[in-house]
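# Please find the sequence and the predicted model below.
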Amino acid sequence: MNVIKTGSVFRTKGVTKVYEMGDVKVHALRGIDLELVEGEFIVLLGASGSGKSTLLNILGGLDTPTAGSVFYQDQELTASSPAALTQFRRKHVGFVFQFYNLIPSLTARENVELVTEIASNPMDPLEALEMVKLQERANHFPAQLSGGEQQRVAIARAIAKRPQVLLCDEPTGALDVQTGIVVLEAIARINRELGTTTAVITHNAAISAMADRVVSLSDGQISGVKTNASKSGAAELSW
Ligand SMILES: Nc1ncnc2c1ncn2[C@@H]1O[C@H](COP(=O)(O)OP(=O)(O)OP(=O)(O)O)[C@@H](O)[C@H]1O
């Protein structure tokens with residue numbers, strides 16, 4: 001069942017990003033107007049170089065646009081100081097990247113604890129590992145886990161502080177299909193059970209079927225927005 005609440009989480013207006021390297025200007029984003037609402041699962045779909053990562057990094061406060069405005073609820077990120085952006089990221093945003101960035105010398109549980117120790121209302125690390133079905137591997141080190149399991153630890157780490165938004169940049173990009181599906185199931189479960197507003201960026205059109213809404217990017221512009229009448233479970237996907 002699709003339950004979408006109506007509260008606005010992100011609003012962007014005319015977001016433009018130009019990277020300048022010497023005399024060369026790369027227009028990564030060319031005027032993005034987008035709203036994400038509370039509890040929504042959105043897929044940002046586009047070919048390599050279409051601007052997906054740039055947009056996600058701007059939403060998550062890791063990067064700032066050249067022009068345009070970005071609001072997180074009532075906070076204008078584009079008018080926020082670097083310190084305020086750090087606070088925003090720390091409190092409200094969980095990031096998942098293609099490569100898991102776990103600390104090799106720490107167990108799964110300790111990797112999650114890195115976040116729970118500095119968060120104000122965190123989950124128990126084991127509860128976060130249970131959300132991704134890895135509670136039994138809590139005392140294993142990253143080298144003892146498969147790529148998909150390491151990615152699930154990274155997801156547990158991202159959600160353990162109970163962020164309002166989960167931003168995932170090609171979370172299955174380094175995984176085979178079956179492993180990717182288990183990772184996507186974990187992300188869908190978090191969206192469904194915790195109500196975490198979730199954005200997944202991918203070049204893989206098959207993943208779109210899981211989303212409430214699919215926003216296609218092409219050459220730094222939104223080239224299409226599609227609302228799915230019903231969502232597929234990750235297990236139904238194939239690519
Ligand atoms: N730091 C940077 N400096 C210069 N150009 C950049 C930088 N980051 C991205 N770009 C350029 O901006 C454009 C958009 O890049 P972006 O990484 O957002 O695309 P993407 O859709 O996420 O691609 P991919 O799927 O390959 O990761 C590309 O042309 C890229 O080369």
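Good, I have the coordinates.

# CA only for contacts and neighbour counts going forward, please
OK.

# Does the residue lying closest to Ser218 once chain neighbours are set aside fall in a helix, a strand, or a coil region?
Spatial nearest neighbour of Ser218, chain neighbours left out: Ser50 (4.9 Å); criterion: Cα to Cα, 6 or more residues apart in numbering. Per DSSP: H, G, I helix; E, B strand; the rest coil, the secondary structure class of Ser50 is coil.

# Which of the three states applies to the residue minimising distance to the centre of the chain?
The structure's the chain has its C-alpha centroid closest to Leu167; by Cα atoms, centre = their mean the separation is 1.4 Å. Following three-state DSSP, Leu167 is assigned to strand.

# rewinding a little: I figured the residue nearest to Ser218 was touching Ile222, is that so?
No - at 9.5 Å, Ser50 and Ile222 do not qualify as touching, with contact defined as Cα atoms under 8 Å.

# got the residue ranges for the strands in this protein?
Per DSSP state E, the chain carries strands over the ranges 8-21, 24-37, 41-46, 67-72, 75-76, 93-96, 165-169, 197-202, 213-218, 221-227.

# For the last one, buried residues please.
For strand 221-227, the buried set under the neighbour-count rule, 16 or more other Cα atoms under 10 Å, comprises 221-222.

# list the helices and strands that strand packs on?
Counting contacts by 3 or more Cα pairs under 8 Å, 6 or more residues apart in numbering; DSSP states H and E, strand 221-227 is packed against strand 24-37, strand 213-218.

# Grab the CA positions of that strand and hand them over as PDB.
C-alpha atoms of strand 221-227 as PDB (Å, rounded to 0.1, in the frame of the first residue of the first chain):
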ATOM      1  CA  GLN A 221      17.400  18.700 -16.400                       C
ATOM      2  CA  ILE A 222      14.300  16.800 -15.300                       C
ATOM      3  CA  SER A 223      13.100  15.000 -18.400                       C
ATOM      4  CA  GLY A 224      10.100  13.200 -16.900                       C
ATOM      5  CA  VAL A 225       8.300  12.500 -13.600                       C
ATOM      6  CA  LYS A 226       6.200   9.400 -13.300                       C
ATOM      7  CA  THR A 227       4.000   8.300 -10.300                       C
END
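
# Each with direction, which strands does that strand pair with?
Strand 221-227 sits in its sheet next to strand 213-218 (antiparallel), going by DSSP bridges.

# Give me the residues contacting the strand it pairs with.
Applying Cα atoms under 8 Å, 6 or more residues apart in numbering, the contact partners of strand 213-218 are 40-47, 50-52, 208, 222-228.

# right, quick check: that strand against the ligand, any contact?
No - on the criterion Cα under 6 Å from any ligand atom, strand 213-218 is out of touch with the ligand, staying 7.7 Å away.
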